[in-house]
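# Here's a sequence, model it:
(one chain, ligands or ions: 2)
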Amino acid sequence: MASSVAEHRHAVTHMLRALDALPAETVPLRDARGRLLAADLLSPLDLPLFRNSQMDGFAVDAGSVESTPVTLSIAGTVAAGDAGSTAHVAGTAVRIMTGAPIPDGADAIVPVEDTTVADDRVTIDRGRTVGEFVREAGSDVVAGELLVAAGTLLAARHIAVLAAVGVETVSVRRRPRAAVITTGAELVPAGQPLSPGQIYDSNGIALATSLEANGAEVVSVARSSDDVTQFRRLLDDALANADLVITSGGVSMGDFEVVKETLQPLGGQFGHVGMQPGGPQGLTMVNDVPVLSFPGNPVSTLVSFEVFARPLLRKAAGLPAVVAADLPITRDLTSVPNRRQFLRGRVRDGQVDIVSGPGSHLVAGMALADVLIDLSAETTTVSAGTHVQVWAL
Ligand SMILES: Nc1nc2c(c(=O)[nH]1)N[C@H]1C(S)=C(S)[C@@H](COP(=O)(O)OP(=O)(O)OC[C@H]3O[C@@H](n4cnc5c(N)ncnc54)[C@H](O)[C@@H]3O)O[C@H]1N2
Ligand code: MOO
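Ligands and ions are numbered 1, 2, ... in the order given. Sure thing, here's the model as predicted:
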């Protein structure tokens, strides 16, 4: 397999198509933020549920406050939470609090600021017309009306209205379940002392957090030595629980390419994609679960994720597409011929600058970047001021 970025992306898209049609699951409303609503939600109730006051003040019939000042006797008090069964008697005022049910017969609210109370009488300085500061039942939404449409990415404002009508759980699209396996005899988890030749495993956590940031649920992050038996066992565990497996390392031309050695006999396609970093790539379908095999260099892994996994995961999760822009570059640069190059850049004042060399081990340089600069395979030189395509990280 030797292919272009576009060809490989096409193959990955095809292999990951099932992620767009994952079944629904029910989650507590409290956990629904960031999830895609699976079905239209109709309101079970009117909102407001009952006619209530928009102000602390006095409920009156507008007719009796037409000419002011006028003094009315105070017939009672209703607070928010009261049942609101008392009827209003024309020519009187009922002391009322914001959110309290308006007594039948009252049709306007006079805010307390426009009144003076003496004993059990209130003098109203400014009248109000019918409906002023009255919140009618159903004026926001009526029972049976569409509250939130299927396919909505639930945000706090959607959760708010669902809570307001008493919804406890919602049906949402299941998140893609992803498993990560890093490979390499040299890898050690943080917290363990490093022996000569060993390095900390950064790709496991980098891929897990990348997956989560793009709407996936990470079911496991495992680490394998270069031993085929161990890798195969971890792979089987991952396949049992995941819709997608991402591996890192073990795909190029060395003697200990555990990922390639295990997956190629299962039909995996391994080879070079015309890009830098991220050239060596593998793609395998095992038991109907797609396995994306990214190269082990830390920047190669992250760039592979950006180019091949992130756009598809965001689409499956209903998240907005990755932001791309054309921006002028601050300096002259050269690019390797016949490879699409993804350089690490930073945008300042509407221009993009390079923040790191092209080496795929430069993980600290990657951390300085906020965009990838995407240079086509045909590009060999770019002069300062030329517009280049960038993708937000
Ligand atoms: N003769 C050739 N050698 C290499 C080629 C080639 O075409 N011919 N391609 C190079 C390119 S490009 C890349 S990228 C790497 C990809 O190699 P692998 O995917 O097999 O990765 P490894 O050899 O396992 O590791 C590469 C590098 O990355 C470090 N690494 C691996 N995993 C992790 C991790 N989880 N956390 C941190 N760092 C990791 C590893 O120690 C190596 O330094 O192959 C080139 N070689
Ligand atoms: O493709 Mo490798 O990712 O250049 O370093």
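# So which residues of the stretch 251-393 of the chain form helices?
Using DSSP state H, counting those that start in this stretch, the helices assigned to the stretch 251-393 of the chain run over residues 258-263, 298-304, 310-317, 363-368.
# Quick one: list the elements packing against the first one.
Counting contacts by 3 or more C-beta pairs under 8 Å, 6 or more residues apart in numbering; DSSP states H and E, helix 258-263 packs against helix 228-241, strand 280-286, strand 289-294. For every residue, glycine as well, the C-beta is placed using N, CA and C.
# Which of these sits closest to ligand 2?
strand 280-286 (5.9 Å; C-beta to the nearest ligand atom).
# from the chain's centre, how far out does stretch 192-199 sit?
36 Å (C-alpha atoms, centre = their mean, to the nearest Å).
# Let me have the helices and strands packed on helix 258-263 in JSON lines, extended by distance to ligand 2, mean pLDDT and mean neighbour count.
Formatted as JSON lines, the helices and strands packed on helix 258-263 follow (distance: least, C-beta to the nearest ligand atom, whole Å; pLDDT from 0 to 100; neighbours: other C-beta atoms under 10 Å):
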{"stretch": "helix 228-241", "distance to ligand 2": "20", "mean pLDDT": "97", "mean neighbour count": "17"}
{"stretch": "strand 280-286", "distance to ligand 2": "6", "mean pLDDT": "97", "mean neighbour count": "22"}
{"stretch": "strand 289-294", "distance to ligand 2": "9", "mean pLDDT": "98", "mean neighbour count": "24"}
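# Please name the bridge partners of Leu244.
Ala178 (DSSP bridges).
# In contact with it, which residues are there?
Leu16, Leu19, Pro176, Arg177, Ala178, Ala179, Ala216, Val289, Pro290, Val291, Leu292 (C-beta atoms under 8 Å, 6 or more residues apart in numbering).
# following the helix or strand of the chain with the lowest mean pLDDT, which helix or strand comes up?
Ranked by mean pLDDT, DSSP states H and E, the helix or strand of the chain with the weakest confidence is strand 2-3, at a mean of 88. Next helix or strand after strand 2-3 toward the C-terminus (DSSP states H and E): helix 5-15.
# ok and that next one relative to strand 289-294, angle-wise?
150 degrees (axes from the mean of the first three to the mean of the last three C-alpha atoms, to 10 degrees).
# Which neighbouring elements make contact with helix 5-15?
Using 3+ C-beta pairs under 8 Å, 6+ apart, helix 5-15 sits against strand 269-273, strand 280-286, strand 289-294.
# Tabulate those strands (JSON lines), appending distance to ligand 1.
As requested, the helices and strands packed on helix 5-15 are arranged in JSON lines below (distance: least, C-beta to the nearest ligand atom, whole Å):
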{"stretch": "strand 269-273", "distance to ligand 1": "7"}
{"stretch": "strand 280-286", "distance to ligand 1": "5"}
{"stretch": "strand 289-294", "distance to ligand 1": "7"}
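# out of those strands, nearest to Asp140?
strand 289-294 (44.6 Å; C-beta to C-beta).
# Direction included, what does the closest one pair against?
Sheet pairing for strand 289-294, using DSSP bridges, gives strand 244-248 (parallel), strand 280-286 (antiparallel).
# So which residues make contact with it?
12, 15-16, 203, 207, 235, 239, 242-248, 250-251, 259-260, 263, 268, 270, 278, 281-285, 300-301, 304-305, 308-309.
# follow-up on the earlier one: return the list of helices and strands in contact with the least confident helix or strand of the chain.
strand 269-273.
# For the strand it packs on, list every residue counted as buried.
Within strand 269-273, the residues that qualify as buried are Gln269, Phe270, His272, Val273, counting by 16 or more other C-beta atoms under 10 Å.
# Then stretch 3-16?
Neighbour count says stretch 3-16 has Ser3, Val5, His8, Arg9, Ala11, Val12, Met15, Leu16 buried, by 16+ other C-beta under 10 Å.
# With distance to ligand 1 added, can I get those residues in a markdown table?
Output for the buried residues of stretch 3-16, formatted as a markdown table (distance: C-beta to the nearest ligand atom, whole Å):
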| residue | distance to ligand 1 |
| --- | --- |
| Ser3 | 15 |
| Val5 | 14 |
| His8 | 14 |
| Arg9 | 18 |
| Ala11 | 18 |
| Val12 | 17 |
| Met15 | 19 |
| Leu16 | 20 |
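# ok, so of those, who is nearest Phe342?
Distances from Phe342 to the buried residues of stretch 3-16, taken by C-beta to C-beta, are shortest for Val5, at 9.1 Å.
# show me what contacts the closest residue to Ala316 other than its chain neighbours?
Nearest residue to Ala316, sequence neighbours excluded (C-beta to C-beta, 6 or more residues apart in numbering): Leu19, at 4.0 Å. By C-beta under 8 Å, 6+ apart, Leu19 lies in contact with Pro176, Asp243, Leu244, Leu312, Leu313, Ala316.
# give me the subset of those touching ligand 2.
Subset of the contacts of Leu19 in contact with ligand 2: empty, counting by C-beta under 6 Å from any ligand atom.
# among those residues, which two are most distant?
The most distant members of the contacts of Leu19, if one measures by C-beta to C-beta, are Asp243 and Leu312, lying 11.6 Å apart.
# What parts of the chain come near ligand 2?
Gln276, Pro277, Gly278, Gly279, Pro280, Pro295, Asn297, Ser300, Ser360.
# Pick the one among these closest to Thr380.
Closest to Thr380, out of all of the residues of the chain next to ligand 2 and judged by C-beta to C-beta, is Gln276, at 12.8 Å.
# Correct me if wrong: the closest one contacts Gly359.
No. Applying C-beta atoms under 8 Å, one finds Gln276 not in contact with Gly359, separated by 9.9 Å.
# So which of these two has more stuff around it?
Gln276 (21 against 13; other C-beta atoms under 10 Å).
# residues in contact with the more buried one?
Val336, Arg339, Arg340, Gln341, Phe342, Pro358, Ser360.
# please redo it, this time with the cut-off set to 6 Å
Val336, Arg339, Gln341 (C-beta atoms under 6 Å, 6 or more residues apart in numbering).
# Buried among these? Need that as a selection in PyMOL.
The following PyMOL line selects those of the contacts of Gln276 that are buried, judged by 16+ other C-beta under 10 Å:
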select buried, resi 339+341
